[in-house]
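Visitor: Here is my input; please provide its structure:
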Amino acid sequence: MNTESPPPSPRERFYRRERQSVPAARAFAREALADWGMRKRSYDIALCVSELATNALVHGVPPGRGFLLRLLPLPYDGGVRVEVHDSGAGEPAVPQTHAREPDEGGRGLLLVSEPADKWGVGEREPGKVVWCEFAGGRVGEAP
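Guide: Model prediction:
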């Protein structure tokens with residue numbers, strides 16, 4: 001008899017192009033993670049949701065549009081995948097300059113690349129999906 005419970009259902013929410021969308025997306029992610037019992041790495045996941053949502057608003061969401069935040073439990077290791085879908089062109093990249101330089105911006109994906117186990121960019125029409133994954137997030141599972 002298999003006593004493992006099925007992974008939680010994915011969650012998603014659409015956000016308009018407005019400043020309050022970033023804290024709302026972060027709160028939505030924290031609520032989903034708490035409901036799923038994913039306490040490990042929840043701070044890192046919330047940080048990455050903030051960075052990806054901010055990048056979408058600043059670089060990927062034209063006026064009159066918004067972005068979709070999707071949270072997907074990973075059934076193979078108890079982790080989570082974060083996806084931010086936007087309709088903007090271009091492909092984001094981690095900056096090649098040294099992080100201590102006094103630039104105002106450009107460090108969002110650097111902040112995502114550090115705590116995330118994986119990250120990447122996928123195509124969609126129109127726009128792109130920027131995603132990151134975190135392994136082993138459920139309570140009682142090894143990181």
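
Visitor: Residue 83 bridge partners, please.
Guide: residue 70, residue 131 (DSSP bridges).

Visitor: Give the burial count for it, as a bare number.
Guide: Residue 83: 19 surrounding residues under other Cβ atoms under 10 Å. All C-beta spots, glycine's among them, are computed from the backbone N, C-alpha and C.

Visitor: How about the contacts made by it?
Guide: Applying Cβ atoms under 8 Å, 6 or more residues apart in numbering, we find residue 83 in contact with 68, 69, 70, 71, 72, 129, 130, 131.

Visitor: As a check, name the ranges of all helices in this structure.
Guide: With DSSP state H as the criterion, the chain has helices at 21-36, 42-55, 108-113.

Visitor: Now tell me which helix or strand of the chain has the poorest mean pLDDT.
Guide: Ranking every helix and strand in the chain by mean pLDDT, DSSP states H and E puts helix 108-113 at the bottom, with a mean of 80.

Visitor: Run the chain-centre distance for that one.
Guide: Relative to the chain's own centre, helix 108-113 is displaced by 11 Å; criterion: Cα atoms, centre = their mean, to the nearest Å.
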